[in-house]
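**Student:** fold the following and give me the result.
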Amino acid sequence: MPRSQVIRWVVSHYLALIAVGLALGLLPFLALCQYNQPYLCDFSVSSDTFNYGIWGAQPYLFQQWSGRYFSNFLLYVANPLSYRWLEGVKWVAAISQVLRIAVLYLVIRRLTGQQLRRSEAGLFAAGLTLVYVALAPYRFSVLYYFTEITVYQVATWLLVLVPLAVERLHRAASGRARKAWGVAAVLGTIAAAGSNELTLVQLGWLMAVAAGLSLYRRQYRSFQIWGSLGVLLLLCGTLSVLAPGNTARQHLDGAVAPAASVWEAASRLVVLLRYLFVEPAMLVVPVLTLVLAPVAARTLPARPPGLQLPLLLSAVVLVGGVVLATAPYALMLPRPSLLPRATNAMVWWWLLGWIVAAWASLPPAPATVPTTSLAVRTLVGVVLLVIVLIPSGRAYLDLQYDAPAYARNWEERFQALQRAGHTPHTLLQVPPPPPFTNRFNFLPPDDLSTMPEFGVNTRLATWFGVDSVRVEVSN
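**Tutor:** Purely as a prediction, here's the structure:
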């Protein structure tokens, strides 16, 4: 086939080719869900339901461990282990991956209006999902660990859904639509305030910036909306932060060590930010937005009127959101680096934030949008392709080699634990795992230990009703 015909064929079928590429990139992560197993806090949280019931456990957790009332609700109600359904974590992981794409599709579709076809918006959402998964430094937490999906990943969705609801509220033409989007914004705000501290701070920062801009532009109706939601977030967030469970947790959780002074907190914050801003994802994301320049120019007519902002201001907002959201961890934890689950959420904020910031910085007329050279976009696109291919390729290797053996090993352990649970005062030993290659996609950071008092061991023993469990010591 002549070269010109090949080029014409590729151009005429580019959407189908992109769809095939994205499907191949996302498929191994989705397929690995069939081998997913419960882990750590999945067991400890669901054990409370056996003592107090699903609804009775809600006030118990609020008073004894955490004030994150919305996350607490999901941890019990959506946890398959609350219903003694071990296989359910496979379905939850798969559903969460689909929901992430659906959330991004909803946001893209609503913001771009008719400028993108449904199929293009769907491909854009799938592509962003694949890029986020590839850039997330702790993919097990993002894709397969139920507790951290519930507490952190669902909250990241609220971080984009609440501003979307407010934007649609501003544009709603009918009273019924305004009421629907207003209710959605209120419910999303209440849920976000009770999800985790990182989301609470970042959403509060967004609302404060939006309210300040509205006041500066003398858009008083917009200021009233953002201000009212900010007050609601503050009230609900105060309820969450001052919950008695947070105080009780400080005494029970050995990892919590409040800073003794402002200077200690500031030094911790500097160290956390130093580790965070050298993450590869944080370094490459601003450059990757160049690939989307043609899409940004094409969708410019649909950009919300209030979203036109100088790039420098948007960058300050993004960096400010990272700094402010890191501050609570600096106040409470003496770790040299940010918690993995929090780092994943920061990458989400950084990735989507820079895309919106670049879009907001463009001039209003599409014809005046500065264009990036095709060579630069091609180079950046190749880099992006490599970034995406590496974790997807590793996921295929996990799928072929380690994941089936990992699942079989845990299924054997669960069977032994279920048998032992019928015998009082059992001190159980389970087989060690086969040798694995950790490709940082699917395998959890810790396995059962040879020491029965290890955290994973104690949670598993409590859930199955045995006195203790440990891994057999090989001779």
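
**Student:** what does stretch 198-213 rub up against?
**Tutor:** With Cβ atoms under 8 Å, 6 or more residues apart in numbering as the test, stretch 198-213 has contacts from 152, 155-156, 158-159, 162-163, 166, 189, 192-193, 222-223, 226-227, 229-230, 233-234, 237, 240-241, 306, 309, 317, 320-321, 324-325, 327-328, 342, 345-346, 349. Glycine gets a C-beta too; all of them are placed from N, C-alpha and C.

**Student:** please repeat the previous calculation with a cut-off of 6 Å.
**Tutor:** Around stretch 198-213, the neighbours that count as contacts under Cβ atoms under 6 Å, 6 or more residues apart in numbering are 155, 159, 192-193, 223, 226-227, 229-230, 233, 237, 317, 321, 324-325, 342, 345.

**Student:** distance between the helix or strand hosting residue 457 and the chain's centre?
**Tutor:** According to DSSP states H and E, residue 457 maps onto helix 455-464. With Cα atoms, centre = their mean, to the nearest Å as the basis, helix 455-464 stands 26 Å off its chain's centre.

**Student:** please apply the same query to stretch 372-379.
**Tutor:** Taking the mean of its C-alpha atoms, stretch 372-379 sits 30 Å from the chain's own mean (Cα atoms, centre = their mean).

**Student:** now do that stretch, average pLDDT.
**Tutor:** Stretch 372-379 shows a mean pLDDT of 78.

**Student:** okay, that stretch in CSV with CA atoms only?
**Tutor:** Extracted as CSV, the C-alpha positions of stretch 372-379 are listed here (Å, rounded to 0.1, in the frame of the first residue of the first chain):
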residue,chain,number,x,y,z
THR,A,372,2.5,24.6,19.6
SER,A,373,4.5,23.2,16.8
LEU,A,374,3.7,19.7,15.6
ALA,A,375,7.2,18.6,16.3
VAL,A,376,7.0,19.6,20.0
ARG,A,377,3.5,18.0,20.4
THR,A,378,4.8,14.8,18.7
LEU,A,379,7.9,14.7,21.1
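
**Student:** sorry, back to before: buried set for the helix holding residue 457?
**Tutor:** 456, 457, 458, 459, 460, 461, 462, 463, 464 (16 or more other Cβ atoms under 10 Å).

**Student:** and of those residues, the nearest to residue 423?
**Tutor:** residue 464 (11.2 Å; Cβ to Cβ).

**Student:** so how far is residue 283 from the residue nearest in space to the middle of the chain?
**Tutor:** Centroid-nearest residue in the chain: residue 153, 2.9 Å away (criterion: Cα atoms, centre = their mean). Noted for residue 153: a distance of 23 Å to residue 283, by Cβ to Cβ, to the nearest Å.

**Student:** next: residue 265.
**Tutor:** For residue 265 relative to residue 283 (Cβ to Cβ), the value is 26 Å.

**Student:** helix/strand/coil for residue 363?
**Tutor:** coil (DSSP: H, G, I helix; E, B strand; the rest coil).

**Student:** so for it, what's the pLDDT?
**Tutor:** At residue 363, pLDDT is 87.

**Student:** before we move on, what about the one 5 residues further on?
**Tutor:** For residue 368, the model assigns a pLDDT of 69.

**Student:** check residue 313 too.
**Tutor:** 94.

**Student:** still on that earlier bit, put together CSV for the buried residues of helix 455-464, with distance to residue 336 on each row.
**Tutor:** Below are the buried residues of helix 455-464 laid out as CSV (distance: Cβ to Cβ, whole Å):
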residue, distance to residue 336
456, 23
457, 26
458, 26
459, 26
460, 29
461, 31
462, 31
463, 32
464, 35
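
**Student:** possible to save those residues as CSV with pLDDT?
**Tutor:** Formatted as CSV, the buried residues of helix 455-464 follow (pLDDT from 0 to 100):
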residue, pLDDT
456, 82
457, 86
458, 88
459, 85
460, 87
461, 87
462, 87
463, 89
464, 90
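
**Student:** quick one, what contacts the residue nearest to the centre of the chain?
**Tutor:** The neighbourhood of residue 153, defined by Cβ under 6 Å, 6+ apart, contains no residues.

**Student:** at 8 Å what do you get?
**Tutor:** Residue 153 touches 96, 100, 142, 344, 345, counting by Cβ under 8 Å, 6+ apart.

**Student:** now it: phi and psi?
**Tutor:** phi -70, psi -40 (degrees, to the nearest 10).

**Student:** just to revisit the earlier point, among the contacts of stretch 198-213, the buried ones, what's the PyMOL command?
**Tutor:** Buried residues among these (16+ other Cβ under 10 Å), as a PyMOL selection:
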select buried, resi 155+159+192+193+223+226+227+229+230+233+237+317+321+325+342+345
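
**Student:** in strands, which of the contacts of stretch 198-213 fall?
**Tutor:** Secondary structure from DSSP state E places none of the contacts of stretch 198-213 in strands.

**Student:** for the stretch 351-475 of the chain, what spans make up the helices?
**Tutor:** With DSSP state H, counting those that start in this stretch, the ranges of helices along the stretch 351-475 of the chain come out as 374-397, 403-420, 455-464.

**Student:** what helices and strands are in contact with the longest one?
**Tutor:** Just to be clear, that refers to helix 374-397. Helices and strands touching helix 374-397, by 3 or more Cβ pairs under 8 Å, 6 or more residues apart in numbering; DSSP states H and E, are helix 14-31, helix 118-135, helix 280-288.

**Student:** touching that helix from outside, list them.
**Tutor:** Applying Cβ under 8 Å, 6+ apart, the set of residues contacting helix 374-397 from outside is 24-26, 28-29, 32, 130-131, 133-135, 139, 284, 287-288, 290-291, 293-294, 437, 439-442.

**Student:** angle of that helix against helix 403-420?
**Tutor:** 40 degrees (axes from the mean of the first three to the mean of the last three Cα atoms, to 10 degrees).

**Student:** any idea how far residue 29 is from residue 104?
**Tutor:** Following Cβ to Cβ, the distance that separates residue 104 from residue 29 is 15 Å.

**Student:** neighbour-wise, which of the two wins?
**Tutor:** Neighbours were counted for residue 104 and for residue 29 using other Cβ atoms under 10 Å; residue 29 has more, 27 against 22.

**Student:** which residues touch the more buried one?
**Tutor:** 97, 133, 139, 143, 392, 395, 441.

**Student:** residue 266 too?
**Tutor:** So residue 266 contacts residue 330 (Cβ under 8 Å, 6+ apart).

**Student:** quick one, domains of this protein?
**Tutor:** 20-366, 403-471 (automatic domain parsing).

**Student:** can you pull the pLDDT of residue 44?
**Tutor:** 83.

**Student:** make 16 the starting number, not 1.
**Tutor:** New numbering, starting at 16: the last item is residue 59.

**Student:** quick one: the closest residue to it other than its chain neighbours from residue 110, how far?
**Tutor:** The shortest distance from residue 59 to any non-neighbouring residue, by Cβ to Cβ, 6 or more residues apart in numbering, is to residue 474 (4.3 Å). Noted for residue 474: a distance of 24 Å to residue 110, by Cβ to Cβ.

**Student:** and residue 489, by the same measure?
**Tutor:** On the measure of Cβ to Cβ, residue 489 and residue 110 end up 38 Å apart.

**Student:** these two: who's more crowded?
**Tutor:** Neighbour count, other Cβ under 10 Å: between residue 489 and residue 110, residue 110 has more, with 14 against 7.

**Student:** distance from the chain centre to the helix or strand hosting that one, please.
**Tutor:** Residue 110 is part of helix 103-127, with elements assigned from DSSP H and E. Helix 103-127 sits 11 Å away from the centroid of its parent chain (Cα atoms, centre = their mean).
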